[in-house]
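Trainee: Quick check, what structure comes out for this input:
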Amino acid sequence: MLPKIPTEGAETQHSQIEKQHVPRERQQVSCVPDTHEKEIIMLSRSPLNVDVLVVEDCNDDAELTMRALSKTAQHLCCLRMVDGEQAVDFVLCAQLYKTRPRVLPKLILLDVEMPGMSGLQVLRELRASYSSAELPVVMFSSSDNELVISECLESGATAYAVKPMTLDAYTAKVRDLASTWVTFRRSA
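Mentor: I've put the predicted structure just below:
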């Protein structure tokens, strides 16, 4: 069992952090706020300046995505949210994140089918405040339904990527998406 350390700040005083023994720039932290039973997984640095926000309810897909991101050449700060409401609150600095500086992620990888607020609803909420140029949102889903893809793109998705079925292809796709969009945002 990993040691548990309380987080700092009044908004998250009931949270617990588990630190794994990995190099500092690759530290993985899991936070589970007791009051909301939500999970946040962060890879590297501080949650204030997130390079890639992964919004994924499936633990297996999230783990694959986070591992692929950890293998990029860049030192990315990656944060995982398990539901749409939490992701919207984080990006818009609302609710538990209202004291967070308004720094946008360089990329959001957003699952389409999630319980509660769907990925499409999240996308629409974010597009009400930010353009695709300001906040790239790539819909990353196992669905290859043309109607779903069309609806996402018409609603403002920067791109739509279907999750590959093999591990190597999945890892390559995630790394390619991160490399393309994070590099693009850093140069902008």
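Trainee: The lengthiest helix in the chain packs against which elements?
Mentor: Secondary structure of the chain per DSSP state H: the longest helix is helix 167-187. Packed against helix 167-187, as judged by 3 or more C-beta pairs under 8 Å, 6 or more residues apart in numbering; DSSP states H and E, are the following elements: helix 59-70, strand 107-110, strand 137-141, strand 159-162. In this view, the C-beta of every residue, glycine as well, is placed from N, C-alpha and C.
Trainee: Do you know the pLDDT at Tyr160?
Mentor: pLDDT for Tyr160: 98.
Trainee: That one: neighbour count?
Mentor: 20 (other C-beta atoms under 10 Å).
Trainee: Same question for Val162.
Mentor: Count around Val162 with other C-beta under 10 Å applied: 14.
Trainee: for Ser131, same thing?
Mentor: 11.
Trainee: Which helix or strand contains it?
Mentor: Under DSSP states H and E, no helix or strand contains Ser131.
Trainee: Tabulate the CA atom coordinates of the longest helix of the chain in PDB.
Mentor: C-alpha atoms of helix 167-187 as PDB (Å, rounded to 0.1, in the frame of the first residue of the first chain):
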ATOM      1  CA  LEU A 167      -2.100  -2.000 -28.000                       C
ATOM      2  CA  ASP A 168       0.600  -0.800 -30.300                       C
ATOM      3  CA  ALA A 169      -1.800   1.100 -32.500                       C
ATOM      4  CA  TYR A 170      -3.600   2.600 -29.500                       C
ATOM      5  CA  THR A 171      -0.300   3.900 -28.000                       C
ATOM      6  CA  ALA A 172       0.800   5.300 -31.300                       C
ATOM      7  CA  LYS A 173      -2.500   7.100 -31.900                       C
ATOM      8  CA  VAL A 174      -2.400   8.700 -28.400                       C
ATOM      9  CA  ARG A 175       1.200   9.700 -28.800                       C
ATOM     10  CA  ASP A 176       0.500  11.200 -32.300                       C
ATOM     11  CA  LEU A 177      -2.500  13.200 -31.100                       C
ATOM     12  CA  ALA A 178      -0.500  14.600 -28.100                       C
ATOM     13  CA  SER A 179       2.500  15.400 -30.300                       C
ATOM     14  CA  THR A 180       0.400  17.100 -32.900                       C
ATOM     15  CA  TRP A 181      -1.800  19.200 -30.700                       C
ATOM     16  CA  VAL A 182       0.500  20.000 -27.700                       C
ATOM     17  CA  THR A 183       3.400  20.900 -30.100                       C
ATOM     18  CA  PHE A 184       0.900  23.100 -32.100                       C
ATOM     19  CA  ARG A 185      -0.300  24.900 -29.000                       C
ATOM     20  CA  ARG A 186       3.200  25.500 -27.600                       C
ATOM     21  CA  SER A 187       4.200  27.100 -30.900                       C
END
